[in-house]
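> sequence first, then the predicted structure, then my questions.
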Amino acid sequence: GENVEQHPSTLSVQEGDSAVIKCTYSDSASNYFPWYKQELGKRPQLIIDIRSNVGEKKDQRIAVTLNKTAKHFSLHITETQPEDSAVYFCAAYFGNTPLVFGKGTRLSVIA
Amino acid sequence: GAVVSQHPSRVICKSGTSVKIECRSLDFQATTMFWYRQFPKQSLMLMATSNEGSKATYEQGVEKDKFLINHASLTLSTLTVTSAHPEDSSFYICSARETERGGLYNEQFFGPGTRLTVL
């Protein structure tokens, strides 16, 4: 089955700096790669996703890149703000298989 | 986006009792629902895939006799933790995909989660 590796596990950045989180996946059939933000005690919230036919997608301060050949995808957050502090999860799946999550990255934005 | 509800949001029970958690898709039909468990400071781990009208598919290491799943309709799946013990204390989250939209890229919608504490 699919296996998703995520790095780093923790990340601290100064407010206004950029944050980058990287994930790799094992199943070349995977074709959907969402990113979730989870605040303490709450459900994961989808913040951006990318399909296998797209290399990059941007939504305001958030961008995701995908390299299918290398089987890795990354989340980029620019101009970070304290409210960006949370745990971020990458995930992958294809077809009707369930989402497989990375282990998460705890992002702390220091004001 | 589509809405998934989960009930109860929080439950505290004594060791040995059974707890039922409901997951509902409120504005869409879901042939398939997923149950995840999340321990503190850890990721979401898939427990089982719930299929409407058929038996659930459990992940390796998850006891099907302990975690009973019933997906009786296209909008409701239930997870029953039988004979709960303190080590079952966790955050349980259900998830569903919309059936009608089909295709390969269906977003997976999450319920708000149920925090189970077994004393």
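In hand now; what should we look at? All values reported here derive from a predicted model rather than from experimental measurement. Residues are numbered from 1 along each chain as shown, chains lettered A, B, ... in the order given.
> tally of neighbours for A:Asp84?
19 (other C-beta atoms under 10 Å in any protein chain shown). Backbone N, C-alpha and C define where each C-beta goes, glycine included.
> actually B:Phe39, not the one I wrote
If you count neighbours by other C-beta under 10 Å, B:Phe39 ends up with 12.
> just confirm it contacts B:Ser90, I think it does.
Yes - look at B:Phe39 against B:Ser90 with C-beta atoms under 8 Å: they come within range, at 5.4 Å.
> now the element after the lowest-mean-pLDDT helix or strand in chain B, going C-ward?
Every helix and strand of chain B was ranked by mean pLDDT, DSSP states H and E. The lowest is strand B:108-110, at a mean of 89. As assigned by DSSP states H and E, the chain's next helix or strand after strand B:108-110 is strand B:114-118.
> just the buried residues of that following strand, please?
Buried residues in strand B:114-118, counting neighbours by 16 or more other C-beta atoms under 10 Å in any protein chain shown, are found at B:Thr114, B:Leu116, B:Val118.
> and for stretch B:66-78?
Going by neighbour count (16+ other C-beta under 10 Å), the buried part of stretch B:66-78 is B:Phe67, B:Leu68, B:Ile69, B:His71, B:Leu74, B:Thr75, B:Leu76, B:Ser77, B:Thr78.
> how about TSV for the residues you listed, with secondary structure and distance to chain A added?
Listed next are the buried residues of stretch B:66-78 as TSV, based on DSSP: H, G, I helix; E, B strand; the rest coil; distance: C-beta to the nearest C-beta, whole Å:
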residue	secondary structure	distance to chain A
B:Phe67	strand	15
B:Leu68	strand	19
B:Ile69	strand	13
B:His71	strand	14
B:Leu74	coil	15
B:Thr75	coil	18
B:Leu76	strand	18
B:Ser77	strand	13
B:Thr78	strand	18
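> B:Glu87 belongs to a helix?
Yes - B:Glu87 forms part of a helix when assessed by DSSP: H, G, I helix; E, B strand; the rest coil.
> still on that earlier bit, strands paired with the least confident helix or strand of chain B, and their directions?
According to DSSP bridges, strand B:108-110 forms sheet pairs with strand B:90-97 (antiparallel).
> what's the angle from the strand it pairs with to strand B:114-118?
Put simply, strand B:90-97 runs at 150 degrees to strand B:114-118, going by axes from the mean of the first three to the mean of the last three C-alpha atoms, to 10 degrees.
> show residues contacting stretch A:35-49.
Here stretch A:35-49 makes contact (C-beta atoms under 8 Å, 6 or more residues apart in numbering or on different chains) with A:32-34, A:57, A:59, A:62-64, A:75, A:86-91, A:101, A:104, B:1, B:44, B:91, B:93, B:107, B:110-113, B:115.
> return a PyMOL selection command for the buried portion of those.
Command for PyMOL that selects the buried part of the contacts of stretch A:35-49, burial taken from 16+ other C-beta under 10 Å:
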select buried, (chain A and resi 32+33+34+62+63+64+75+86+87+88+89+90+91+101+104) or (chain B and resi 44+91+93+107+110+111+113)
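> partner residues bridging B:Ala48?
Taking DSSP bridges as the rule, B:Ala48 bridges to B:Trp35, B:Tyr58.
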